[in-house]
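Participant: Below are the sequence and a predicted model for it; my questions follow.
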Amino acid sequence: MALLEVRNLRTTFKTEDGTITAVNGLSFSLDAGQTLGIVGESGSGKSVTSLSIMRLIDRPGRIESGEIFFDGRDLLKLRDEEMRHVRGHRIAMIFQDPMTSLNPVLTIGEQIAEVVRLHLGRNHREARETAIEMLRKVRIPSPEKRVDDYPHQFSGGMRQRAMIAMALSCNPQLLIADEPTTALDVTIQAQVLELMNELQRETGAAIILITHDLGVVAETCKDVLVMYGGNMAEYGDAKQIFNEPRMPYTQGLLASLPRLDAPANARLKPIPGQPPNLHRMPPGCAFAPRCTYRLERCDTPVPVTDLGNGHLARCWRCTEALVPVGAAQ
Amino acid sequence: MTDEPLLEVADLKKYFPVNAGVFGRHVADVKAVDGVSFSVRKGETLGLVGESGSGKTTIGRMVLKLLPATSGTIRFEGRDISDISARQTRELRRRMQIIFQDPYGSLNPRMTIGEIVSEPLAIHGIARGKARMERTVELLRLVGLQSSHLNRYPNEFSGGQRQRVGIARALAVEPQFIVCDEPVSALDVSIQAQVLNLLEDLRERLGLTYLFISHDLSVVRHISTRVAVLYLGKIFEIAERSALYEHPLHPYTQALLAAIPVPDPALQGTQKRVLLSGDVPTAIAPPSGCRFHPRCPFAFDRCSVDEPAMREVAVGHSVACHAVENGTIR
């Protein structure tokens, strides 16, 4: 059975200009010990999805409907107190900006120890030892000393590693990492990704890696969920998504990247138009206004097509050999 | 493109003082840029790559005289502009402009798109009245926007469209030279390509010269003619694009290139990965000798003592590295 199963998740936000649907009927699942990459651009709903799983959606946001089964229980039906026990203990989260997600007036050690005391009931001395142990695991040099440092005394890469140490300190079954390396330099990013991979092998935690960087996903994830306009555009294993994408948005995204392995002079092929405005969503396929393969029926709601071997795409035309509409035959 | 340099920078430095104590005693300097020399030829794009703290943005600001240099010379069109007056600086801005990274923070939210784009025309007295309006519309069209956007406000636009407004504003004075400071870093992937293509088209149509600052090596490879790699305020390697990407010599350049994740799972594990250990040191007290030596897999005794000088190893390809000099890396 899947460790996490999200069914028909719908999360909305009330704004002055009306209610927007940030996540619109999303379903996916994740097995224990696996890594799922969620890719999408701003406004695609990828972060709201992770916050919904953690039940961290606050007013004016609201989880309207759906089910989120984690280890057999629907998280959306848990009492707040039960959810607090899941959060940080069974499901942990790492955020993009380690500077704003660490408390600046508490030492790194105190922040890790707090989690351990709260969830595992350790006393002060034990918790401090766990904190040192975790910092050693994420390769902070001389952890016995650095445990008493404040966040500002750590570099960006070290802070993100401290966040990982904190997230993994209670041995969670699921780690949600929301753009964990976006604020880091490439050489530091490579270190952090390597570390996450290694710790996963060691602890067997499942990981949801949310990012806009397709390279990071290709390097770390077994399965990939591509989101657009609040819903799944395409889902499959990394090979299916990167080498045989069936949804025009995924294809366009891959084609628009400047790549180190492409001829340097090749002109980029951008996706025309702008990302969807959540206040004015198209009636059918969210990508239709920017799609070169758009037909009339693309303006009607699109079901998910199962392409076999776990490959899913939300596109009326995903089984065809696509020819741009209006192109010479 | 000609060989005539439009911009020449020699031994440029920028030290930011660090003050401490009640009397604000000067205790140290952040050596943000520590002796950098390069030139940009007319019509080319020089890419400046480096990680955070490498000094790339500071260089861009000094070149435009938005930030005074601590020492060094900057020559633009053959003229030394290091010590020119404020009035001359304003004149200069008609010929050199900047496009900023943040399309949200760099446009005044209380001004309409038309006001933003036409402001430089007013400041420099380039056009007035109806002519100014016509020129503004022309500029909007040039960057792929429409005249119907004139009276709208920045908040009505997406990131990519705002960046187009920023580009139109920079182009208003018909500059020859533009510093592009991370112009696509804040944009979504699908929009990045639109803006990069626009910048390339404009360079060709208007004969522009760019200094293109970015941390993204794939983007820099795509748009640059030549590339300079910065680390802690120093240039480590500078070369034609193909030489730099196909035959990188400096161990830092090699590590930087190897660290980029490639969006193709089939290639996973095929490339060897040089994982750099450690963090980027602080620019207040950079390591002795070569400032990269604590992280360098090729470092030997001399590297912690002597600072390597830039040496030309092939035509147009210069590197500052002892291991390259003694033939360990070739």
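Facilitator: Structure's in. What do you need? Residues are numbered from 1 along each chain as shown, chains lettered A, B, ... in the order given.
Participant: OK, now which residue of the stretch 51-200 of chain A is nearest to chain B?
Facilitator: residue A:185 (3.7 Å; Cβ to the nearest Cβ). (Each C-beta comes from the backbone N, C-alpha and C, glycine too.)
Participant: wait, what's in contact with the residue lying closest to that residue once chain neighbours are set aside?
Facilitator: Leaving aside its chain neighbours, residue A:185 sits nearest to residue B:51 (3.7 Å; criterion: Cβ to Cβ, 6 or more residues apart in numbering or on different chains). Taking Cβ atoms under 8 Å, 6 or more residues apart in numbering or on different chains as the contact definition, residue B:51 lies against A:185, A:186, A:187, A:188, B:215, B:231, B:256, B:280.
Participant: If we only consider these, which is nearest to residue A:163?
Facilitator: residue A:188 (13.3 Å; Cβ to Cβ).
Participant: That closest one belongs to a helix, doesn't it?
Facilitator: Yes. Assigned with DSSP: H, G, I helix; E, B strand; the rest coil, residue A:188 falls within a helix.
Participant: surely it meets residue A:158?
Facilitator: No. Contact criterion Cβ atoms under 8 Å: residue A:188 and residue A:158 do not qualify, at 9.1 Å.
Participant: For the chain, give me the ranges with low pLDDT.
Facilitator: Went with chain A since none was named. Per-residue confidence for chain A (pLDDT under 70) gives these ranges: A:326-329.
Participant: please go with chain B instead
Facilitator: By pLDDT under 70, the weakly predicted segments of chain B are B:1-2, B:268-274.
Participant: on contacts alone, who are the packing partners of the strand or helix carrying residue A:100?
Facilitator: Element membership for residue A:100, per DSSP states H and E: helix A:98-101. Identification of packing neighbours for helix A:98-101 by 3 or more Cβ pairs under 8 Å, 6 or more residues apart in numbering or on different chains; DSSP states H and E yields helix A:156-168.
Participant: what's the helix or strand following the helix it packs on packed up against?
Facilitator: Toward the C-terminus, helix A:156-168 is succeeded by strand A:174-178 as the next helix or strand (DSSP H and E). Judged by 3+ Cβ pairs under 8 Å, 6+ apart, strand A:174-178 is in contact with helix A:46-53, strand A:91-94, strand A:206-211.
Participant: Let me see the contact set for the residue of the stretch 51-200 of chain A closest to chain B.
Facilitator: Counted by Cβ under 8 Å, 6+ apart, residue A:185 has contacts A:156, A:157, B:51, B:52, B:215, B:280.
Participant: 7 Å instead, please
Facilitator: Taking Cβ atoms under 7 Å, 6 or more residues apart in numbering or on different chains, we find residue A:185 in contact with B:51, B:52, B:215, B:280.
Participant: now do residue A:310
Facilitator: Shown in contact with residue A:310 (Cβ under 7 Å, 6+ apart): A:236, A:237.
Participant: quick one: secondary structure of the most centrally placed residue in chain B?
Facilitator: The residue lying closest to the centre of chain B (Cα atoms, centre = their mean) is residue B:213, at 2.2 Å. The assignment at residue B:213 comes out as strand when based on three-state DSSP.
Participant: What's opposite it in the beta bridge?
Facilitator: residue B:48, residue B:181 (DSSP bridges).
Participant: In this structure it contacts residue B:61, no?
Facilitator: No. Residue B:213 is not in contact with residue B:61 according to Cβ atoms under 7 Å; the separation is 10.0 Å.
Participant: Residues of the stretch 51-200 of chain A that sit close to chain B?
Facilitator: A:155, A:157, A:158, A:185, A:186, A:187, A:188, A:189, A:190, A:191, A:194 (Cβ under 7 Å from any Cβ of the partner chain).
Participant: give me the number of residues near residue A:213?
Facilitator: Using other Cβ atoms under 10 Å in any protein chain shown, residue A:213 has 20 neighbouring residues.
Participant: For it, list the residues it contacts.
Facilitator: If you count contacts by Cβ under 7 Å, 6+ apart, then residue A:213 has residue B:261 around it.
Participant: Chain A: strands as residue ranges?
Facilitator: With DSSP state E, the ranges of strands along chain A come out as A:4-15, A:18-30, A:35-39, A:61-70, A:73-74, A:91-94, A:174-178, A:206-211, A:223-228, A:231-237, A:305-306, A:312-313.
Participant: Direction included, what does the first one pair up with?
Facilitator: The one in question is strand A:4-15. By DSSP bridges, strand A:4-15 pairs with strand A:18-30 (antiparallel), strand A:61-70 (antiparallel).
Participant: what's the closest of the ones you listed to residue A:217?
Facilitator: Of all those, it is strand A:18-30 that lies closest to residue A:217, at 14.5 Å by Cβ to Cβ.
Participant: Report the backbone C-alpha coordinates of the closest one in PDB.
Facilitator: C-alpha atoms of strand A:18-30 as PDB (Å, rounded to 0.1, in the frame of the first residue of the first chain):
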ATOM      1  CA  GLY A  18     -12.900  36.300  -5.500                       C
ATOM      2  CA  THR A  19     -11.900  32.800  -4.500                       C
ATOM      3  CA  ILE A  20      -9.000  31.200  -6.400                       C
ATOM      4  CA  THR A  21      -8.400  27.500  -6.600                       C
ATOM      5  CA  ALA A  22      -4.800  26.900  -6.000                       C
ATOM      6  CA  VAL A  23      -5.000  23.100  -6.100                       C
ATOM      7  CA  ASN A  24      -7.900  21.700  -8.100                       C
ATOM      8  CA  GLY A  25      -8.700  18.000  -7.700                       C
ATOM      9  CA  LEU A  26      -5.100  16.700  -7.500                       C
ATOM     10  CA  SER A  27      -4.500  12.900  -7.000                       C
ATOM     11  CA  PHE A  28      -1.200  11.100  -6.600                       C
ATOM     12  CA  SER A  29       0.500   8.500  -4.400                       C
ATOM     13  CA  LEU A  30       3.900   7.800  -3.100                       C
END
